[in-house]
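Colleague: Here is the input, now give the coordinates:
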Amino acid sequence: MAFGFISIATGIFTTYGAMLTSSGPIGIWTWPVVVVGQLMVALIIGSLSARIPVTGYIYQWASRLTNPVFGWMMGWLGFTFLAVVLCAVDDTIPSTVLPVLFGYEGTAANAWVITGLLIVAQAVVIALSTKLTQRVNSFAVTIELFGMIALVILLFAVGYFRNELNFADLFSTGTVPAEGYFSFGGLTNAGPWIMGTLLGAFTIVGFESAANLAEETHQPEIVVPRAMWQAIVSVGVLGMLFLIAVTALLGDPTTFKPSATPIADVISHVLGPIVGNLLLVMVVISIYACGQIIFLSATRLVWAMSRDKRFPGWRLWHRIHPTFHTPANATILVAIVGQIILAIFAHQTDALFALFSAATILPVIIYAVTVWIYAAKRNRLPASRGFTLGSFELPVIAIAAAWIIFELAIFRDASFLVPWLYVAAMFALGALYLAFIVFVDGVAKLKMPDLSSVDAKLDADIEGAPLPAPAR
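Modeller: Predicted coordinates for the structure are as follows:
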């Protein structure tokens, strides 16, 4: 889950072109900075998940460690993030890969249609079987891992024998002016090099999805934290090698012409149409599976909030299908919301940028709240049942907090106006529903129920048996 959600293929294929335009080839060196920052955040989330291993991640933690009202808003923001990043990831396939793979001109219209069909296909798989979804994920992650390793080796090898590797390009600003390149920027604009961090910031997110399936995982207090940090480290190393290979084979960066499919263009040029297309098929499989994992995580968050009678229309979404044993209704809801978001963004010429920008802003907000909660409540948390930071706790918190502040400062750039409007609109909708709950039922009704076994809950929903007593 953690590796598949991050997905090197998805993140880099989506944002590499924008990074070249804003930061030039040298922008790839922001990648290690992001890896270290996100690793610190993952260690904190891992420590939390080892103490409170329950489906709903930030919704559960914020509700139980601060107050249910604040927790509800964080749960709503988590849902907002998962819904928009689902669209951003699925849109990557028709926007950055398929036009090169099948030789047609990609447009906003055909990207919209294809992305909508992908969401429907993912919804069908998730609604029918969690085991099938798991198998698709395992297959895709294996394909991506070995495929990306093979791709890196082939790019370096073929580039070397054809004498096309130019490592000097790795330190070129390309078409971006060198003057003021490393500056922090102004009040409403971020410096060119700083904008390059968005490449990693969009890619290395979603590792916390492992915590969102804690109740469906054996020994989550051990497995979940390990999955998160191992995913980030492996993606960090492999992603850096891939970025070096692609950038060294890009050609003259000073004459770079913006392309919607720069990485696919490099792969096809260097490896030829047959091998290149086979590897692009691997990329499509990886991106599809990444979207499916995001979709799965979104259904679990909706189900968890509905189980606690918190989500709008919870009476429908908390139900478990008696035949498929999945939250099928919650799956349908996520699919519908995804189609609505697609319709909103699809008519924009820079729809992909707007989608991935919104999908980058939201997790940063969630990570900031998670780090703050952990720092404030760390001495009052339940004892760890697996993973612990030990003597490294304070340094990890300090580095994570500094990284989050730096990352949030990037989004003051005027180019993020539309994504901020999306975030504000979704926050406003959530606030209205929260006000309705409080007005009708009162704040007392928002009290969180005791933690209980998800297996017992599912068995009771399916068989109609009485629930056992809640267990800590």
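Colleague: Going by C-alpha atoms from here, please, whenever you check contacts or count neighbours.
Modeller: Fine.
Colleague: and Leu98, how far is that from Thr142?
Modeller: Per CA to CA, to the nearest Å, Leu98 is found 21 Å from Thr142.
Colleague: These two - which one has more neighbours?
Modeller: Leu98 (22 against 14; other CA atoms under 10 Å).
Colleague: That one looks like it's in a helix, true?
Modeller: Yes - according to DSSP: H, G, I helix; E, B strand; the rest coil, Leu98 belongs to a helix.
Colleague: Mind naming the longest helix for the chain?
Modeller: When the chain is parsed with DSSP state H, its longest helix is helix 262-307.
Colleague: what is the mean pLDDT for that helix?
Modeller: The predicted model gives helix 262-307 an average pLDDT of 87.
Colleague: Hmm, Gly27 is touching Gly200, no?
Modeller: No - using CA atoms under 8 Å, Gly27 makes no contact with Gly200, being 10.2 Å away.
Colleague: Could I get the contacting residues of the most centrally placed residue in the chain?
Modeller: In the chain, the residue lying closest to the centroid (CA atoms, centre = their mean) is Gly206, at 3.6 Å. Going by CA atoms under 8 Å, 6 or more residues apart in numbering, Gly206 touches Ala2, Phe5, Ile6, Ile294.
Colleague: Give me the number of neighbouring residues for the second one.
Modeller: Applying other CA under 10 Å, we find 30 residues neighbouring Phe5.
Colleague: and it, backbone torsions?
Modeller: Phi and psi for Phe5, reported as degrees, to the nearest 10, are phi -70, psi -40.
Colleague: Can you point out the buried residues in stretch 424-443?
Modeller: Met426, Phe427, Gly430, Ala431, Leu434, Ile437 (16 or more other CA atoms under 10 Å).
Colleague: In JSON lines, list those residues along with distance to Ser415, pLDDT and secondary structure.
Modeller: Listed next are the buried residues of stretch 424-443 as JSON lines, based on distance: CA to CA, whole Å; pLDDT from 0 to 100; DSSP: H, G, I helix; E, B strand; the rest coil:
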{"residue": "Met426", "distance to Ser415": "19", "pLDDT": "85", "secondary structure": "helix"}
{"residue": "Phe427", "distance to Ser415": "20", "pLDDT": "87", "secondary structure": "helix"}
{"residue": "Gly430", "distance to Ser415": "25", "pLDDT": "87", "secondary structure": "helix"}
{"residue": "Ala431", "distance to Ser415": "26", "pLDDT": "88", "secondary structure": "helix"}
{"residue": "Leu434", "distance to Ser415": "30", "pLDDT": "85", "secondary structure": "helix"}
{"residue": "Ile437", "distance to Ser415": "35", "pLDDT": "80", "secondary structure": "helix"}
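Colleague: Which two among those are spaced furthest apart?
Modeller: Pairwise distances across these (CA to CA) peak at 16.8 Å, for the pair Met426 and Ile437.
Colleague: Give me the helix or strand of this structure that scores worst on average pLDDT.
Modeller: helix 454-463 (a mean of 46; mean pLDDT, DSSP states H and E).
Colleague: Could I get the full set of helices for the stretch 1-150 of the chain?
Modeller: Counting by DSSP state H, counting those that start in this stretch, one finds helices in the stretch 1-150 of the chain at the ranges 2-6, 8-23, 31-51, 57-65, 68-92, 98-102, 108-128, 130-161.
Colleague: Who are the contact partners of Ile52?
Modeller: Trp61, Pro382.
Colleague: if we go to 10 Å?
Modeller: 46, 60-61, 64, 211, 214, 220-221, 381-385, 451, 472 (CA atoms under 10 Å, 6 or more residues apart in numbering).
Colleague: Same question for Asn166.
Modeller: Gly159, Tyr160, Ala245, Thr247, Ala248, Leu249, Leu250, Gly251, Asp252.
Colleague: what comes up buried for stretch 213-226?
Modeller: By 16+ other CA under 10 Å, the buried positions in stretch 213-226 come out as Leu213, Ala214, Glu215, Glu216, Thr217, Pro220, Glu221, Ile222, Val223, Val224, Pro225, Arg226.
Colleague: out of the residues you listed, which are inside helices?
Modeller: Counting by DSSP H, the buried residues of stretch 213-226 contribute Pro220, Glu221, Ile222, Val223, Val224, Pro225, Arg226 to helices.
Colleague: Closest to Gly78 out of these?
Modeller: Val224 (18.4 Å).
Colleague: Quickly list what's touching both of Gly27 and Gly200.
Modeller: With CA under 10 Å, 6+ apart as the test, Gly27 and Gly200 both reach Tyr16, Met19.
Colleague: low-confidence ranges in the stretch 151-300 of the chain?
Modeller: 254-258, 260 (pLDDT under 70).
Colleague: returning to that earlier point: okay, the buried residues of stretch 424-443 in CSV with distance to Ile126 next?
Modeller: Shown next, in CSV, are those (distance: CA to CA, whole Å):
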residue, distance to Ile126
Met426, 25
Phe427, 27
Gly430, 26
Ala431, 29
Leu434, 29
Ile437, 30
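Colleague: Which of those sits closest to Leu118?
Modeller: Closest to Leu118, out of all of the buried residues of stretch 424-443 and judged by CA to CA, is Met426, at 23.6 Å.
Colleague: gap between the residue nearest to that closest one when sequence neighbours are not counted and Phe411?
Modeller: Once flanking residues are discounted, Met426 sits nearest to Thr80: 6.9 Å by CA to CA, 6 or more residues apart in numbering. Distance of Thr80 to Phe411, computed by CA to CA: 18 Å.
Colleague: now swap in Gly206 and tell me
Modeller: 19 Å.
Colleague: before we move on, what about Ala375?
Modeller: 24 Å.
Colleague: between those two, who's got more neighbours?
Modeller: Phe411 (22 against 16).
Colleague: Would you quantify the distance from Ile366 to Leu432?
Modeller: 20 Å.
Colleague: Show the pLDDT at Asn67.
Modeller: 83.
Colleague: Quick one: residues contacting it.
Modeller: Contacts of Asn67 (CA under 10 Å, 6+ apart): Trp61, Leu446, Lys447, Met448.
Colleague: my read: Ser47 touches Val396, true?
Modeller: No - distance between Ser47 and Val396: 11.1 Å, which falls outside the contact criterion (CA atoms under 10 Å).
Colleague: returning to that earlier point: now the next helix or strand after the longest helix of the chain: buried residues?
Modeller: Under the assignment DSSP states H and E, the closest C-terminal helix or strand after helix 262-307 is helix 314-317. Applying a neighbour-count criterion of 16+ other CA under 10 Å, one finds Trp314, Leu316, Trp317 buried in helix 314-317.
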